[in-house]
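1. Provided below are the primary sequence and the corresponding predicted coordinates.
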Amino acid sequence: MNNSRVLRNMKVFIVDDDLFCSNLYRHSLSQTGLENIYLFQTGEECLRNITMSPDIVLLDNDMANMDGLQVIKHIRNRYPSIHVLMVSARKENHIAVEALASGAATFILKDGNETAHLNYAVNKIISNYTRRFSLSKHIKTAAVS
């Protein structure tokens, strides 16, 4: 499976109560070729739509009612294959440690360079998907031969 096909099939949820940040992340990710990007303003909204089976959830930590750490725990309990990327403006180390311990694939600090860090993390995930699908195609071909 080539990269463009992976990009067309992947679904990304962006969960942030700050619409400026959400739109910034969406624009940045769409520049990589991702097409199925969904925006949610609350953790509850994300969880209500989680059956859409996103491949990646980009999740802000600081949201009202249900913070990002709570959302990660819900996702991890039922959908462990989803890649969760946590973003936060909070610089306290314990937030990053707790996010990673809860199952986040990475923690991205909102420091003005978050779109570069986000693109790097997402490109790594895309590369792994592409390799995995390419490998499974070769295994199937070898099994048929």
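-> Good, I have the coordinates.
2. so where do the helices sit in the protein?
-> Assigned by DSSP state H, the helices in the chain fall at 3-9, 19-30, 43-48, 68-78, 93-101, 114-144.
3. Which positions in the third one come out as buried?
-> This means helix 43-48. Neighbour-count burial for helix 43-48 flags Gly43, Glu44, Glu45, Cys46, Leu47 (criterion: 16 or more other Cβ atoms under 10 Å). Where you see a C-beta, it was placed from the backbone N, CA and C, and this is true even at glycine.
4. check contacts around the second one.
-> Right, the one you point to is Glu44. Asn65, Met66 (Cβ atoms under 8 Å, 6 or more residues apart in numbering).
5. going forward can the numbers begin at 29, since that is how I track them
-> That works, and once the first residue is 29, the last one we named lands at Glu72.
6. Based on its surroundings, how many neighbours for Leu52?
-> Per other Cβ atoms under 10 Å, the neighbour tally for Leu52 reads 16.
7. Enumerate every residue touching it.
-> Thr143.
8. measure it to Thr143 for me?
-> 6 Å (Cβ to Cβ, to the nearest Å).
9. and if you look at Asn156?
-> 20 Å.
10. Any chance of JSON lines for the helices of the chain, columns distance to Val85 and mean pLDDT?
-> Formatted as JSON lines, the helices of the chain follow (distance: least, Cβ to Cβ, whole Å; pLDDT from 0 to 100):
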{"stretch": "helix 31-37", "distance to Val85": "16", "mean pLDDT": "73"}
{"stretch": "helix 47-58", "distance to Val85": "12", "mean pLDDT": "95"}
{"stretch": "helix 71-76", "distance to Val85": "7", "mean pLDDT": "96"}
{"stretch": "helix 96-106", "distance to Val85": "6", "mean pLDDT": "93"}
{"stretch": "helix 121-129", "distance to Val85": "12", "mean pLDDT": "92"}
{"stretch": "helix 142-172", "distance to Val85": "11", "mean pLDDT": "73"}
